[in-house]
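Chemist: Sequence first, then the predicted structure, then my questions.
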Amino acid sequence: MSSMNRITATLDQQALHTPDFASILIVDDQRFDRMRLQRMCANFGFTTHTVEADSLDAMRNVLKKDKFDLILLDYYLPDGTGLDGVDSIRADATNSAAATIMITGSDDAEVGINALKLGFSDYLTKDELSVDALRRAAITALQKSRLTTGLQTQGRKRKEMQTILQRFSKECAQEIKPTVSRMMRQMRELREIQSLTQEQAIDRIDRVETSCRRLWDFLNELEHYRGDDLTRKSESDRSVASMLDLTQAPTQVDAVLNTSAAPPAAARSITPRKPPSIFGKRKG
């Protein structure tokens with residue numbers, strides 16, 4: 001023979017999930033029931049601030065003035081039902097994410113099912129109301145609301161970040177492509193270096209180096225991008241970076257200038273030299 005025991009959280013576990021404060025709107029047309037709910041909220045074990053409304057119209061006016069964490073909504077109201085009030089709550093920019101609990105004097109299961117379908121966190125009948133029952137429902141509703149709000153916020157931030165990254169990558173491509181295209185054209189021009197004068201050859205090498213320097217500076221700024229501003233490495237960082245293989249690439253061009261294959265006399269007179277580092281201070 002088996003028995004079922006109700007699982008309850010320990011006091012320590014409850015304390016981990018209990019909010020410090022909750023602003024609560026009580027919507028009920030019966031003053032006695034509003035006062036009863038207000039007394040129960042005062043015994044939740046955490047600080048609460050309660051506001052009352054006796055109709056849907058009064059609720060809408062209150063929603064325009066204050067922000068609420070939790071709304072206790074009676075089913076039978078003079079100008080509609082609690083189910084009718086959901087649209088007003090969700091349409092309010094300030095309180096659209098408020099946790100909602102249906103309080104009903106009817107034990108009709110259909111009312112509870114419809115309330116849950118419309119987004120109520122829970123529903124309680126007035127006959128079963130107690131401080132403990134309402135407190136548990138309130139804490140659970142607040143947790144669900146805050147979790148949903150957190151997920152929505154993360155979703156918005158993720159979408160915004162994706163938009164920023166897409167725009168940023170597009171702008172980076174637009175910045176890099178012209179420089180790379182110019183470098184490719186300049187490298188093709190170096191194929192004719194053996195037929196050039198010394199001055200012409202050095203000028204073409206300098207142009208390739210300038211393009212490399214611009215590309216390096218752009219990548220350096222990209223690497224140290226800090227939100228609104230762009231920061232460059234310190235001179236000590238540059239001295240370390242100057243040891244990279246990129247600084248050695250131009251010496252291969254010098255080797256072409258010193259080749260033994262019968263170049264023109266002017267080209268043969270060029271003394272191989274290592275161009276200045278592309279990490280030096282930009283001219284101009």
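Modeler: The structure has been received and is ready for your questions.

Chemist: Walk me through the domains of the protein.
Modeler: 11-157, 196-268 (automatic domain parsing).

Chemist: so which of those is the most packed in?
Modeler: The highest mean neighbour count among those, using mean count of other Cβ atoms under 10 Å, belongs to domain 11-157: a mean of 16. Heads up, the C-betas are built off the backbone N, CA and C, glycines and all.

Chemist: What is the host helix or strand of residue 167 packed up against?
Modeler: Per DSSP states H and E, residue 167 falls inside helix 131-189. Helix 131-189 sits against helix 11-17, strand 21-27, helix 31-42, strand 70-74, strand 99-104, strand 122-125, helix 198-223, with contacts defined as 3 or more Cβ pairs under 8 Å, 6 or more residues apart in numbering; DSSP states H and E.

Chemist: What pLDDT is listed against the closest residue to residue 134 other than its chain neighbours?
Modeler: Sequence neighbours aside, residue 40 is the residue nearest to residue 134 in space, at 5.1 Å (criterion: Cβ to Cβ, 6 or more residues apart in numbering). Per-residue pLDDT puts residue 40 at 96.

Chemist: ok, residue 40 to residue 65 distance?
Modeler: Note on residue 40: its distance to residue 65, by Cβ to Cβ, to the nearest Å, is 24 Å.

Chemist: swap in residue 89?
Modeler: 14 Å.

Chemist: Centroid-nearest residue for this protein?
Modeler: Nearest to the mean C-alpha position of the chain, by Cα atoms, centre = their mean, lies residue 157 at 2.4 Å.

Chemist: Give me the pLDDT for that residue.
Modeler: In this prediction residue 157 is given a pLDDT of 74.

Chemist: who wins for proximity to residue 169 among the domains of the chain?
Modeler: Residue 169 lies closest to domain 196-268 among the domains of the chain, at 10.6 Å (Cβ to Cβ).

Chemist: Now residue 118. Nearest residue, chain neighbours left out?
Modeler: Per Cβ to Cβ, 6+ apart, closest to residue 118 is residue 86, 4.8 Å.

Chemist: Throw the helices and strands packed on helix 131-189 into CSV and include distance to residue 187, thanks.
Modeler: Formatted as CSV, the helices and strands packed on helix 131-189 follow (distance: least, Cβ to Cβ, whole Å):
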stretch, distance to residue 187
helix 11-17, 65
strand 21-27, 67
helix 31-42, 76
strand 70-74, 69
strand 99-104, 65
strand 122-125, 71
helix 198-223, 6
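
Chemist: Out of those, which gets the lowest mean score?
Modeler: helix 11-17 (a mean of 47).

Chemist: Identify the residues contacting residue 52.
Modeler: 25, 26, 27, 28, 34, 38 (Cβ atoms under 8 Å, 6 or more residues apart in numbering).

Chemist: Between which two of these is the distance greatest?
Modeler: Of all pairs in the contacts of residue 52, the most separated under Cβ to Cβ is 27 and 38 at 12.1 Å.

Chemist: pretty sure the residue nearest to residue 134 is in contact with residue 133, am I right?
Modeler: No - in this structure residue 40 lies outside contact range of residue 133 using Cβ atoms under 8 Å: 9.1 Å.

Chemist: quick revisit: right, so of the domains of the chain, which gets closest to residue 189?
Modeler: Nearest of those (Cβ to Cβ): domain 196-268, 5.6 Å.
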